[in-house]
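> below is the structure, and that's it, no one-letter string:
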């Protein structure tokens, strides 16, 4: 969104100053603006809104929040001299004419704060106003003079003038209060100042405030999402693998049979890779081979065949009615289905014949297949977003693909490789879909440089993949979470911590055994409100291609049959982590985190709190899957107003034990068999 300028005279004056500052200096006046420009603009510069948060690029992009969540407003507001200021934050749904006003409170060092909550989904707008509080300043000074027993004759006369000026612009009840005060002053009371200091008059005068030298900020858009955009536990599976025989293609009906198990592990979102027809041209065989056998199923990312494209369903999975039945069954288990939106096409995709102008053809009439060196995707070709025939037809067709699935009941989309497509497209497409379905959620699967990842979030993605997979040391975790929570990134970027993906078999998991899987699950589940698992993780699957972060016998190219349980699995531990996440609001976001002292480089130790809660969640995770780790830790008693020697109630959220710690320093030992601890302290621990 292009930031809009205020229509106030203040902005006009500021513009004149800017224009003057950029103009050539008049002879003898130095390099500054002319006197006439300064004289015109001088009043407008007295009240300054220097900065405020949340804001994203001065309103160019939307900040994010969740319906009903508190949004803390922090602003630097000041003026010259000793005049009293007042300030407010104004909000409205985008397109509404009427603003709702919420007062801000002044604090030390010219920092003003307030809190707002949005009560409806969709796009909203926010702006700040600040002004000279004429009556507030008068009351402040009158109070001091009265307490000092000074002569107040002239002050009372000034107060009367303020009341007379305010009465015509005051609403009904306020006007009556002002009139009553004027009548009382006409009776020459013994202490007329007392009438001017009455709290009911103060409230009435606030309604009739003059708002002298009103200054307005830029407009900051907000996207208000449903809670699942901030807090969700994802489980990814391939529908075709939901079978007991690798030679039998799984169906949506087979997926339905797995729903109780997925729900029992505590997941609330069930995510599918593409479910569309798969092309035959250049089809991949097992382990990404170029010589498939007749029974090889191919990669689901090679989308499109004679049976249809992005709005079609692979016929061996079932029909559209079967898919809708699955959506309904999933909802009955508390599960929401997320679909993959992957824009790439098989060479067999119908679009190549129907819309050849959407592709970039080589001089010999061929198409270059997709690649990400050294990886090659011979079974995929990419559309050309800026081909002459592609704008707007291709853009609209892709938008309509998402709208088609949203119309069927899908409201969550994981988007494949969005950083390889135009950023303006995402900003436009997501806005188009959310205008119709404000509850829609988009997850950005972008493993790229930080700035493009952050820009995708600004462009509208609700959630984002992260570098979590490649963070291992205590220092790395502390630095990364500090970046995500203590910089402006926190206003628009929601990190989704996937422990593994079909494309990524992390080196750590390849060598760390069952304790390593427990460590990564505990880290992801407690550091972020968004936590994801690809099937097989709960069974501690780790076989990889030699020297690569890729699975051996990858499910991307074949049907993989898995049991619900296996010896040494971590199914119960994942279920417990998800239970704790549901029960503890502090774990339903990446925000509210503080790192504390654990005197070992192998123990990550932190606390999290939720707004309005008096209790605090403490988490300690060993980063060593092979050896027991122990250390002294500091219990943050000071954050509960306690002395270092005081005691505090503790609830072990894993095994349910309740006890009491006395003193700031406690000792901790974490074994590879259970390399993490989660406690609640204070409040109702």
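Received the coordinates, thanks. These numbers come from a predicted model, not from an experiment.
> is it fair to say residue 190 lies in a strand?
No: Residue 190 is assigned coil when assessed by DSSP: H, G, I helix; E, B strand; the rest coil, not a strand.
> confidence score at residue 279?
pLDDT, residue 279: 97.
> right, and it touches residue 299 too?
No: judged on CB atoms under 8 Å, residue 279 makes no contact with residue 299 at a distance of 9.3 Å. No exception for glycine: its C-beta is placed from N, CA and C like everyone else's.
> tell me, what's touching these two both at once?
Shared contacts of residue 279 and residue 299, defined by CB atoms under 8 Å, 6 or more residues apart in numbering, comprise residue 379.
> any idea of the mean pLDDT for the lengthiest strand in the chain?
In the chain, ranked by residue count with DSSP state E as the criterion, the top strand is strand 122-132. Mean per-residue pLDDT for strand 122-132: 97.
> could you point out which element follows that strand?
Using DSSP states H and E, the next helix or strand after strand 122-132 towards the C-terminus is helix 134-147.
> what's the burial count for residue 190?
Around residue 190 there are 5 other residues, counting by other CB atoms under 10 Å.
> sorry, that was for residue 68
Neighbourhood size, residue 68 [other CB under 10 Å]: 11.
> residue 188 too?
7.
> from residue 182, how far off is it?
13 Å (CB to CB, to the nearest Å).
> just residue 130 next, same as before
29 Å.
> ditto for residue 530
59 Å.
> quick one, which of the two is more surrounded?
Taking other CB under 10 Å, residue 530 and residue 182 do not tie; residue 530 has more neighbours (28 against 15).
> so what's the more buried one scoring on pLDDT?
Reported pLDDT for residue 530: 98.
> correct me, but it touches residue 499?
No: assessed by CB under 8 Å, residue 530 is found out of contact with residue 499, at 11.8 Å.
> quick check: bridge partners of the closest residue to residue 648 other than its chain neighbours?
Once flanking residues are discounted, residue 648 sits nearest to residue 681: 5.2 Å by CB to CB, 6 or more residues apart in numbering. Under DSSP bridges, the beta-bridge partners of residue 681 are residue 616, residue 650.
> what is the neighbour count of residue 681?
Per other CB under 10 Å, the neighbour tally for residue 681 reads 21.
> got the contact list for it?
615-616, 618, 635, 640, 648-651, 661.
> before we move on, what about residue 206?
Residues near residue 206 by CB under 8 Å, 6+ apart: 135-136.
> what of residue 64?
Contacts for residue 64 (CB under 8 Å, 6+ apart) come out as 222-223, 225, 229, 462, 491-492, 494.
> which element is it on?
Following DSSP H and E, one finds residue 64 within strand 63-66.
> that strand pairs with which strands, parallel or anti?
Here strand 63-66 has these sheet partners by DSSP bridges: strand 220-225 (parallel).
> state the number of residues packed around residue 205.
Counted with other CB under 10 Å, residue 205 comes out at 26.
> that one and residue 212, how far apart?
Residue 205 sits 13 Å away from residue 212, taking CB to CB as the criterion.
> now swap in residue 80 and tell me
Residue 80 is 14 Å from residue 212, by CB to CB.
> next: residue 600.
Distance, residue 600 to residue 212, by CB to CB: 59 Å.
> the two: which is more packed in?
A direct count of neighbours by other CB under 10 Å for residue 600 and residue 212 places residue 600 higher, at 20 against 15.
> for that one, helix, strand, or coil?
Following three-state DSSP, residue 600 is assigned to coil.
> same thing with residue 204?
Under three-state DSSP, residue 204 falls in the helix class.
> so who does it touch?
By CB under 8 Å, 6+ apart, residue 204 lies in contact with 170, 173-175, 177-178.
> can you select the buried ones from these in PyMOL?
To isolate the buried ones among the contacts of residue 204 in PyMOL, judged by 16 or more other CB atoms under 10 Å, type:
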select buried, resi 170+174+175+177+178
